[in-house]
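[1] kindly generate the corresponding structure for this input.
(one chain, ligands or ions: 1)
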Amino acid sequence: MMSAEAILALDRKHVWHPYDSMTNPVPVNPVVRAEGCRITLADGTTLVDALSSWWCVCHGHNHPALTEAIRRQSEKFNQVMFAGFTHEPAVRLAELLSEAAPGDLDRVFFADSGSVAVECAAKMAVQYQLARGRRSRTRMATVRGGYHGDTAGAMALCDPEGMNRLFSGLLVQHFFAEKPTCRFDGVFAEEDFASIEELIRQREGEIAGFILEPIFQGANAMNFYHPEYLRKLRALCDRYDIVLVFDEVATGFGRLGKFFAAEFAGVAPDVMCVGKGLTGGSITLSAVLTTGRIADAISRGEEGRFMHGPTFMANPLACAAGVVSLELFKQYDWAGAVGRIESKFREGLAPLRNLPQVKDVRVLGAVAVVELESLPTYEEMQRMVRSTGVWLRPFGHWLYSMPPFVIQEEELSQVISAMRLVAEGSFRGK
Ligand code: PLP
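    Okay, here's the model as predicted:
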């Protein structure tokens with residue numbers, strides 16, 4: 001086994017980390033184990049994972065049932081191309097997903113990451129319109145403040161002023177409406193929807209599909225918005241036969257308190273992207289669900305088939321984990337657990353609203369966001385993480401947490417105390 005020093009030395013020499021510099025990288029922590037809500041470092045320190053390792057580890061790290069599912073499948077076969085073959089894990093997962101999804105989303109295309117799922121969804125929208133003979137409808141519409149991933153096709157759908165703004169020259173230009181501003185629990189104002197109506201009226205002939213993150217705009221906005229927005233958008237897309245795509249990569253699988261965020265609005269999209277929590281965060285996999293209506297139109301179009309096929313599509317290990325993850329949701333009261341996390345976040349973070357440096361505190365389901373005037377430096381955060389034992393990684397103006405649903409009462413108290421320390425600015429690097 002390598003020592004922590006050896007790992008760090010090789011890491012420093014060869015490995016590029018996400019959103020980081022290779023010459024002056026931020027410090028990284030070598031991990032040796034992870035279980036439940038805790039990540040153990042090489043020096044024996046354990047950290048409570050307040051971020052579910054980027055939204056995905058909903059049932060906790062190293063869930064024995066997920067590990068066992070991957071192990072069992074690996075004894076049979078690890079990978080097989082999905083063109084010309086199929087297998088039990090894929091068909092079972094497709095069935096479970098179809099049962100859980102809103103509306104008639106019962107046709108499933110597997111991909112390998114959230115970004116690729118978004119790319120596939122946009123391609124489905126375009127192929128659908130081509131199949132309907134609408135050759136000019138080749139672009140997507142969306143809202144500002146969105147985040148859909150880091151591949152070029154997905155970046156082109158993200159907020160143009162957001163984290164991928166450097167790459168505007170590389171990207172296809174899509175159409176952007178203003179971002180939703182009505183709060184999830186506030187009063188819906190018709191003006192909030194005016195810019196979408198205007199956009200669609202003007203560009204109807206060029207728009208294949210409309211994509212957005214339902215209810216919660218994540219990495220580029222960290223904001224929960226009103227469900228009426230989605231109901232109005234559903235009606236508008238119906239009127240113009242625009243393919244409505246919900247990107248549920250972050251919100252899916254119970255994160256906001258409903259199994260899918262679409263349920264808050266009581267509407268179903270035509271296409272839905274899922275990823276992250278699909279395998280309980282144990283292994284990468286994503287899926288694009290659509291309806292028979294869209295799938296049939298694409299399949300009867302001039303190409304006669306959907307033109308996408310990733311190498312690791314429907315990877316058997318990942319699908320086996322996905323099946324067990326969806327079964328796990330039926331075996332414990334995840335909604336109750338999310339409800340308890342929500343109440344505790346609300347109660348524990350509410351006092352922060354009175355601080356002058358806190359602009360807002362927002363909580364829905366198992367997601368809490370504290371919007372601050374400014375954040376501590378990365379070095380201060382690292383010291384805070386070490387001193388509180390809570391893994392937080394704020395960015396922009398947001399200090400946020402979305403813990404695994406299995407987080408224990410004391411661990412959640414620890415997360416809330418750590419967030420309060422950062423927000424109060426009372427952390428002094430002890
Ligand atoms: N869509 C949303 C809403 C996301 O939050 C993310 C990732 O954070 C993605 C897509 C991209 O997923 P991935 O990182 O798996 O490519």
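
[2] contacts and neighbour counts: CA atoms only from here.
    Will do.

[3] burial measure for Arg92, as a count.
    Burial measure for Arg92: 16 neighbouring residues, criterion other C-alpha atoms under 10 Å.

[4] Leu352 too?
    Leu352, neighbours per other C-alpha under 10 Å, totals 18.

[5] kindly report the same for Gln127.
    Gln127 has 29 neighbours, counted by other C-alpha under 10 Å.

[6] what helices or strands is the host helix or strand of it leaning on?
    Using DSSP states H and E, Gln127 sits within helix 114-131. Secondary-structure packing of helix 114-131 (3 or more C-alpha pairs under 8 Å, 6 or more residues apart in numbering; DSSP states H and E): helix 152-155, strand 207-212, strand 243-247, strand 271-274, strand 286-290, helix 292-300.

[7] who does the following helix or strand past the first one pair up with?
    Spelled out, it's helix 152-155. Where DSSP H and E defines the elements, the next helix or strand beyond helix 152-155 is strand 175-177. Strand 175-177 has these partner strands in its sheet, going by DSSP bridges: strand 139-143 (parallel).

[8] what does the partner strand contact?
    By C-alpha atoms under 8 Å, 6 or more residues apart in numbering, the residues outside strand 139-143 that reach it are 122, 126, 157, 159, 173-180, 206-212.

[9] now do 6 Å
    Applying C-alpha atoms under 6 Å, 6 or more residues apart in numbering, the contact partners of strand 139-143 are 174-179, 207-212.

[10] likewise for stretch 93-105?
    Contacts of stretch 93-105 (C-alpha under 6 Å, 6+ apart): 106, 108, 268, 289-291, 323.

[11] of those residues, just say which sits nearest to the ligand.
    Each of the contacts of stretch 93-105 was scored against the ligand by C-alpha to the nearest ligand atom, and Leu289 proved nearest at 14.3 Å.

[12] could you export stretch 301-317 as PDB, CA atoms only?
    Output of stretch 301-317 as PDB, limited to C-alpha atoms (Å, rounded to 0.1, in the frame of the first residue of the first chain):
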ATOM      1  CA  GLY A 301     -37.900   9.700 -39.300                       C
ATOM      2  CA  GLU A 302     -35.700   9.800 -42.300                       C
ATOM      3  CA  GLU A 303     -32.700   8.300 -40.400                       C
ATOM      4  CA  GLY A 304     -34.900   5.600 -38.900                       C
ATOM      5  CA  ARG A 305     -32.900   5.400 -35.700                       C
ATOM      6  CA  PHE A 306     -31.500   7.500 -32.900                       C
ATOM      7  CA  MET A 307     -27.900   8.500 -33.700                       C
ATOM      8  CA  HIS A 308     -25.900   8.100 -30.600                       C
ATOM      9  CA  GLY A 309     -24.000   5.200 -29.000                       C
ATOM     10  CA  PRO A 310     -21.400   5.600 -26.300                       C
ATOM     11  CA  THR A 311     -18.900   2.700 -25.800                       C
ATOM     12  CA  PHE A 312     -19.800   2.100 -22.200                       C
ATOM     13  CA  MET A 313     -23.500   2.500 -22.800                       C
ATOM     14  CA  ALA A 314     -25.600   0.500 -20.200                       C
ATOM     15  CA  ASN A 315     -22.400  -0.800 -18.600                       C
ATOM     16  CA  PRO A 316     -23.600  -4.000 -16.800                       C
ATOM     17  CA  LEU A 317     -21.800  -3.200 -13.500                       C
END
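
[13] many thanks, have a good one.
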